[in-house]
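# This is the structure alone, sequence omitted:
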């Protein structure tokens, strides 16, 4: 597949890295030569320096023969204009634009057919990811499939926890529910075989797939459900901070610390129940004055990784019960391990899933990129086919999926049903699968081709 990426920033570079490893023909356009040089140094891709919205630059990139264009520059207007130019001048490429500003997103008529094919909002994706972690305290990762009917949940195994030293079979017996499945176990970033004899160790990240209404019970049974979160302090009132405060303020006691006085005044107009504080979130005296020690959750979500690390670490030192922070630079993740910070969220991974669902060749409607992007959970729709392989009409034990692909859930007519060896797939079934290695994605795509 030929893919043109507009923008070599955090999102563009992470998407380029993910797609270049899958034998795609990638071209990246950006106005900053140092960003393009860095990409060329580590990826086998083509780069072009210039304004991504200019027709001559797009022509130079070969947009007319591209299958897809991802407009992910840091400027909404550039992304929107570039997609409009492409859809006006060319017929073939599908256009995907990153749009951050709520002013644009609140007017869907701006994205009518013929202008932009697909709009993604990384800030909204990150907001939803954090919101899910707040709803299920104790989980390390939560993502949704099948319009929210199914959740993929991961937890970290601690030395004194229930899972430590247990075999998978013992965990299954404890849960006693065929619709709750252990999808994967990652140890030191590498997948280990999931079978009845697999032994769970301290530090493992264990992924479960289960119906939405069983997530909380699963966490309780595994002794991982923490006390409900009631008070939240957000460090940063940017795009993510504002969205998160809007999503939370009706059900939680929320405070936002914002250093830019103009931004603080701006967001105060849209937040009715949230307390907006003008100040520096790394200021210890301010944190103490606002009684951070009584906060159930501190979220460091500014645009600066260093500020996020410092403020989240400081909040924990001062007594906050739990602290999470956003980290864009992967190398900074190593610094989190030496702190009391409970969880680091990588926006680029959350965004990657929303993009990959449109890149996958099968009838894929949901993707969650996990474990640093090395593995994926995928929701695909089953179709009967006479020209390609299909799962329709076959039992689970008749499908020749390679090792490393785990069936997590089956949704039929908007109802989650148990998956057994003799379960027969039907037309229109939504199947949630876990691929322990991205190299296995092709096998899934082969079985789930669109009509």
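Everything's here; your move. Source: prediction; values computed, not measured.

# Secondary structure element holding the residue nearest the centre of the chain?
Residue closest to the average C-alpha location in the chain (Cα atoms, centre = their mean): residue 350, at 2.0 Å. Using DSSP states H and E, residue 350 sits within helix 347-359.

# Correct me if wrong: the residue nearest to the centre of the chain contacts residue 127.
No - here residue 350 lies out of contact with residue 127, judged by Cβ atoms under 8 Å, at a distance of 9.5 Å. Every residue, glycine included, has its C-beta placed from N, CA and C.

# Poorly predicted segments of the chain, please.
114 (pLDDT under 70).

# which parts of stretch 264-276 are buried?
264, 267, 268, 271, 274, 276 (16 or more other Cβ atoms under 10 Å).

# Can you name the residues that contact the residue nearest to the centre of the chain?
Counting by Cβ atoms under 8 Å, 6 or more residues apart in numbering, residue 350 touches 122, 125, 126, 129, 369.

# Can you flag which of these belong to helices?
122, 125, 126, 129 (DSSP state H).

# for residue 366, which residues make a bridge with it?
residue 379 (DSSP bridges).

# That one is in contact with residue 149, isn't it?
No - using Cβ under 8 Å, residue 366 is not in contact with residue 149, being 11.0 Å away.

# which residues touch stretch 110-121?
80, 83-84, 87, 94-100, 104-105, 351, 354-355, 358.

# Can you tell me which of these are classed as buried?
Of the contacts of stretch 110-121, these count as buried by 16+ other Cβ under 10 Å: 80, 83-84, 87, 94-100, 104-105, 351, 354-355.

# The buried residues of stretch 264-276: which two are farthest apart?
The span of the buried residues of stretch 264-276, defined through Cβ to Cβ, is set by 264 and 274 at 11.2 Å.

# Now the common contact residues for the two.
With Cβ under 8 Å, 6+ apart as the test, residue 264 and residue 274 both reach residue 256.

# from the buried residues of stretch 264-276, which is closest to residue 185?
residue 274 (39.1 Å).

# what's near enough to touch the closest one?
245, 248, 249, 254, 255, 256.

# redo that, cut-off 10 Å
By Cβ atoms under 10 Å, 6 or more residues apart in numbering, residue 274 lies in contact with 232, 234, 237, 241-242, 244-246, 248-250, 252-256, 267-268.

# list the buried ones in stretch 296-313?
Per 16+ other Cβ under 10 Å, stretch 296-313 contains these buried residues: 296-302, 305, 307-313.

# ditto for stretch 392-403
Within stretch 392-403, judged by 16+ other Cβ under 10 Å, the buried ones are 392, 394, 396, 401.

# Residues contacting the helix or strand where residue 173 lies, please?
Per DSSP H and E, residue 173 falls inside helix 168-175. Residues from elsewhere that reach helix 168-175 (Cβ under 10 Å, 6+ apart): 162-163, 166-167, 178, 180-182, 185, 193-200, 206, 208, 210, 214, 217-218, 221-223.

# returning to what we had before: please convert the buried members of the contacts of residue 274 into ChimeraX selection syntax.
Selection command for ChimeraX covering only the buried members of these, criterion 16+ other Cβ under 10 Å:
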select :232,234,237,241,242,244,245,246,248,249,252,253,254,255,256,267,268
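
# So which of the contacts of residue 274 are in strands?
Applying DSSP state E to the contacts of residue 274, the entries found in strands are 232, 234, 253, 254, 255, 256.

# wait, which of those is closest to residue 17?
residue 234 (29.7 Å).

# from what I can see residue 148 touches residue 215, true?
No - in terms of Cβ atoms under 10 Å, residue 148 does not count as a neighbour of residue 215; the distance is 11.0 Å.

# wait, what's in contact with residue 270?
By Cβ under 10 Å, 6+ apart, the neighbours of residue 270 are 102, 242, 245, 246.

# for residue 185, same thing?
If you count contacts by Cβ under 10 Å, 6+ apart, then residue 185 has 154, 157, 163, 168, 191-194, 198-201, 204-207, 436 around it.

# taking the buried residues of stretch 264-276 one by one, which sit in helices?
264, 267, 268.

# looking at it, the second one is touching residue 242, isn't it?
Yes - under the criterion of Cβ under 10 Å, residue 267 is in contact with residue 242, at a separation of 4.9 Å.

# Between these two, which contacts overlap?
Contact criterion Cβ under 10 Å, 6+ apart; residues shared by residue 267 and residue 242: 256, 258, 274.

# any chance of these in a markdown table, with distance to residue 27 too?
Below are the shared contacts of residue 267 and residue 242 laid out as a markdown table (distance: Cβ to Cβ, whole Å):
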| residue | distance to residue 27 |
| --- | --- |
| 256 | 40 |
| 258 | 38 |
| 274 | 43 |
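
# Just give me the closest of the ones in helices among the contacts of residue 350 to residue 34.
Closest to residue 34, out of all of those and judged by Cβ to Cβ, is residue 122, at 22.6 Å.

# quick one, what contacts that closest one?
Counting by Cβ under 10 Å, 6+ apart, the residues that residue 122 touches are 10-11, 72, 98-100, 239-240, 347-348, 350-352, 354-355.

# Would you mind checking which of those is nearest to residue 280?
The closest of the contacts of residue 122, once distances to residue 280 are taken by Cβ to Cβ, is residue 240, at 18.2 Å.
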